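>>> Quick one: sequence plus predicted model below, questions after.
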Amino acid sequence: MTQVLISAGSNEGDKFNYLASAVQQIKIRGLLSEIIVSYFYQTEPVGVKGQNEFLNCAILGQSNLESGELLAQLKNIENTLGRVSRPHWHKREIDLDIILFGDEIVEKEELIIPHPRMHQRNFVLFPSLEIAPDMIHPKFGKSIFELATDCSDCSDFNILVRSELKAI
């Protein structure tokens with residue numbers, strides 16, 4: 001089993017429902033076990049301005065899948081939930097990214113692990129910090145805590161505490 005950290009985000013439609021449904025699909029399909037989900041964070045969009053704010057969370061769990069197989073399953077969940085194909089960094093119904101996959105380093109066209117910009121983004125680091133502060137970035141040799149401390153991202157975010165969140 002490999003410890004996996006996933007970042008989930010949505011800025012279209014019922015954002016909370018998209019994220020909750022993605023977590024439920026990950027559970028139902030058995031992609032991860034021992035799942036822990038962060039609180040949901042309202043964050044500014046990155047890359048393309050003038051779009052809705054995002055709702056983001058981090059998902060931590062154990063997987064017996066290979067990283068490429070997990071990516072294919074996550075893309076299938078995005079499609080099942082109705083993600084519309086748009087240019088990079090534009091609005092999305094649901095976005096699921098593998099951030100860390102144990103100590104694995106992958107550099108393929110369709111998959112890069114660790115996520116290449118994770119250390120530059122509060123919307124990835126702060127939800128991850130909540131549930132996986134000691135998880136190590138295999139290229140930098142730094143924990144999520146250290147990456148969050150060093151991050152220069154000044155984008156705004158708010159924690160949205162919802163009682164039903166921890167019941168997912």
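Nice, thanks for sending it over.
>>> Enumerate residues external to stretch 127-137 that contact any of its residues.
Residues from elsewhere that reach stretch 127-137, judged by Cβ atoms under 8 Å, 6 or more residues apart in numbering: 3, 5, 7, 36-41, 56-58, 60, 99-100, 103, 114, 118-119, 142-145, 147-148. C-beta: built from backbone N, CA, C; applies to glycine.
>>> quick one: average pLDDT of it?
What stretch 127-137 shows for mean pLDDT is 94.
>>> list the buried ones in that stretch?
Using 16 or more other Cβ atoms under 10 Å as the test for burial, stretch 127-137 gives Pro127, Ser128, Leu129, Glu130, Ile131, Ala132, Met135, Ile136, His137.
>>> ok, now stretch 65-79?
Per 16+ other Cβ under 10 Å, stretch 65-79 contains these buried residues: Leu65, Ser67, Leu70, Leu71, Gln73, Leu74, Ile77, Glu78.
>>> for stretch 108-121, same thing?
Leu111, Ile113, Pro114, His115, Met118, His119, Arg121.
>>> I'd like these as TSV, with secondary structure and distance to Ser21 appended.
TSV is the format used below for the buried residues of stretch 108-121 (DSSP: H, G, I helix; E, B strand; the rest coil; distance: Cβ to Cβ, whole Å):
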residue	secondary structure	distance to Ser21
Leu111	coil	23
Ile113	strand	24
Pro114	coil	26
His115	coil	22
Met118	helix	24
His119	helix	28
Arg121	coil	23
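>>> which phi and psi does the most far-flung residue of the chain relative to its centre have?
Distance from the C-alpha centroid of the chain, by Cα atoms, centre = their mean, peaks at Gly50 (22.1 Å). Main-chain torsions, Gly50, degrees, to the nearest 10: phi 80, psi 20.
>>> Could you check the pLDDT of it?
pLDDT, Gly50: 74.
>>> Sketch out the strands for the chain, chain order is fine.
2-10, 33-37, 40-43, 54-63, 95-101, 106-107, 112-113, 136-137, 142-143, 157-160 (DSSP state E).
>>> Quick one: list the elements packing against the second one.
Packing partners of strand 33-37 (3 or more Cβ pairs under 8 Å, 6 or more residues apart in numbering; DSSP states H and E): helix 15-28, strand 54-63.
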